[in-house]
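Asker: Structure of the sequence below:
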Amino acid sequence: MDPSDQKHFTVVDYIVFALLLAASAGIGLYYALSGGRQRTTQEFLMADRSMRCLPISLSLIASFQSAVAIIGVPAEIYTHGTQYWFIGCAYFLGLLIPAHVFIPVLYRLQLSSAYQYLELRFSKAVRICGTLTFIFQMVIYMGVCVYTPAFALNAATGFQLWGTVLATGLVCALYTTMVS
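Answerer: Below is the predicted model:
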């Protein structure tokens, strides 16, 4: 396909996109400035242990979704067929074990992370090793999660890829710091 044949955003598309970003920033600002809860780490991470199962489940599902899943899964299914569906079955089975074995233990011990359990069970060195491994994995994963929508934005708008990566990263960082 000739690059000059590619279609890019029109003025209306840019206006809708800007309104979407403004609405998202407005929601973040509202909750950041409304003086709501989350004054302590316990309130931020655990909702002060006052939430029921449904909101926690929905929050986990929403945080588990990323641009990689939203853009990548349909492309995977289109390219290789519907056998990707079996991964969903594996996720379902793979989540039953932690839900019935690990989560009750962490809850009874009043712990907010598996890393606290690693320190209780083994040592601080094991906790630090687990934490560093997780941080390394998340840095790589977040790079992919920022690159994926930036690449899609680059294709839709015609902006330079480095600019869309920078803009996506800044918007994500700004929104995360406002809401936190």
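
Asker: and the end-to-end length of stretch 70-88?
Answerer: End-to-end span of stretch 70-88 (C-alpha to C-alpha, to the nearest Å): 14 Å.

Asker: swap in stretch 90-106?
Answerer: From its first residue to its last, stretch 90-106 covers 23 Å (C-alpha to C-alpha).

Asker: Give me the mean pLDDT for that stretch.
Answerer: Stretch 90-106 carries an average pLDDT of 85.

Asker: Distance from that stretch to the middle of the chain?
Answerer: Here stretch 90-106 shows a centroid-to-chain-centroid distance of 20 Å under the convention C-alpha atoms, centre = their mean, to the nearest Å.

Asker: Quick one: residues in contact with it.
Answerer: With C-beta atoms under 8 Å, 6 or more residues apart in numbering as the test, stretch 90-106 has contacts from 112-114, 117. C-beta here means a position set from N, CA and C on the backbone, and glycine is covered the same way.

Asker: ok, which stretches of this structure are helices?
Answerer: Here the chain has its helices, by DSSP state H, at 11-33, 41-46, 53-64, 67-80, 85-97, 103-108, 114-121, 124-157, 161-179.

Asker: Export those helices as a markdown table, with columns for mean neighbour count.
Answerer: Rendered in a markdown table, the data for those read as follows (neighbours: other C-beta atoms under 10 Å):
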| stretch | mean neighbour count |
| --- | --- |
| helix 11-33 | 12 |
| helix 41-46 | 13 |
| helix 53-64 | 10 |
| helix 67-80 | 12 |
| helix 85-97 | 10 |
| helix 103-108 | 12 |
| helix 114-121 | 15 |
| helix 124-157 | 14 |
| helix 161-179 | 14 |
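
Asker: Would you single out the least confident of those?
Answerer: Of all these, mean pLDDT reaches its minimum on helix 41-46 (a mean of 66).

Asker: residue contacts, the residue lying closest to residue 148 once chain neighbours are set aside?
Answerer: Leaving aside its chain neighbours, residue 148 sits nearest to residue 67 (4.2 Å; criterion: C-beta to C-beta, 6 or more residues apart in numbering). Residues near residue 67 by C-beta under 8 Å, 6+ apart: 145, 148-149, 152.

Asker: One more pass at 6 Å, please.
Answerer: Counting by C-beta atoms under 6 Å, 6 or more residues apart in numbering, residue 67 makes contact with 145, 148-149.

Asker: What of residue 175?
Answerer: Contacts of residue 175 by C-beta under 6 Å, 6+ apart are residue 28.

Asker: And it, how close does it get to residue 21?
Answerer: 10 Å (C-beta to C-beta, to the nearest Å).

Asker: Can you check which residues contact both of the two?
Answerer: Contacts common to residue 175 and residue 21, judged by C-beta under 6 Å, 6+ apart, are absent.

Asker: can you give me the end-to-end distance of stretch 95-115?
Answerer: End-to-end distance of stretch 95-115 (C-alpha to C-alpha): 18 Å.
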